[in-house]
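**Student:** Compute the structure for the input listed below.
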Amino acid sequence: MKSYTITVNGNVYDVTVEEGTGSAAPAAAPKAAPKAAPKAAPAAPKAAAPAAGAGAVKVTASVPGKVYKVEASVGQAVKKGDSIVILEAMKMEIPVVAPQDGTVASIDVAAGAAVESGDVLATLN
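**Tutor:** The predicted structure follows:
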């Protein structure tokens, strides 16, 4: 174990750190918590795999974040630019919009779910 004194914004902290098998273990621990939630979220889309396959156009997350609100529903007709899902990232609300006119074939996320960049949020026909 090693002890360190760290100063953050003028506050002094004494920290004791256990030595591990290398830097991979500490790096994996912080990443495990954020990735645990996204692994739980894709379980629902896998159950809805036939619906996800039905949509020809995938609507994906442009940034990692949390689903703040789902604005469209399955079967709803949308125009290019209509908001389908709103993501919350870095305390900002980011609308994810339809890339073209179509009908919502599936919504693959729920409000509160954590998503990564590139995750499929919905599909359109």
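**Student:** could you show me where the strands are in the chain, in order?
**Tutor:** For the chain, the strands defined by DSSP state E cover 2-8, 11-17, 57-60, 65-70, 77-78, 83-89, 92-97, 102-107, 114-115, 120-124.
**Student:** Report the mean confidence score over the last one.
**Tutor:** When pLDDT is averaged along strand 120-124, the result is 93.
**Student:** Adding mean neighbour count, write the strands of the chain out as TSV.
**Tutor:** In short, each C-beta sits where N, CA and C put it, glycine included. Written out in TSV, the entries for the strands of the chain read as follows (neighbours: other CB atoms under 10 Å):
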stretch	mean neighbour count
strand 2-8	8
strand 11-17	8
strand 57-60	18
strand 65-70	17
strand 77-78	17
strand 83-89	18
strand 92-97	14
strand 102-107	20
strand 114-115	22
strand 120-124	23
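**Student:** pLDDT below threshold where in the chain?
**Tutor:** For the chain, residues meeting the criterion pLDDT under 70 lie at 20-54.
**Student:** same thing but 90
**Tutor:** Residue ranges of the chain with pLDDT under 90: 1-56, 90-91.
**Student:** Can you tell me which residue sits nearest the middle of it?
**Tutor:** The residue lying closest to the centre of the chain (CA atoms, centre = their mean) is V115, at 1.0 Å.
**Student:** do you know how far D101 is from S62?
**Tutor:** 20 Å (CB to CB, to the nearest Å).
**Student:** same question, V8
**Tutor:** Counting by CB to CB, the separation of V8 from S62 is 32 Å.
**Student:** so Q76 touches S106, yeah?
**Tutor:** No - the criterion here is CB atoms under 8 Å, and Q76 misses it with S106 at 11.5 Å.
**Student:** Quick check: the nearest residue to E71 once chain neighbours are set aside vs A98, distance?
**Tutor:** Among residues not flanking E71 along the chain, S83 sits closest, at 4.9 Å (CB to CB, 6 or more residues apart in numbering). With distances taken as CB to CB, S83 is found 8 Å from A98.
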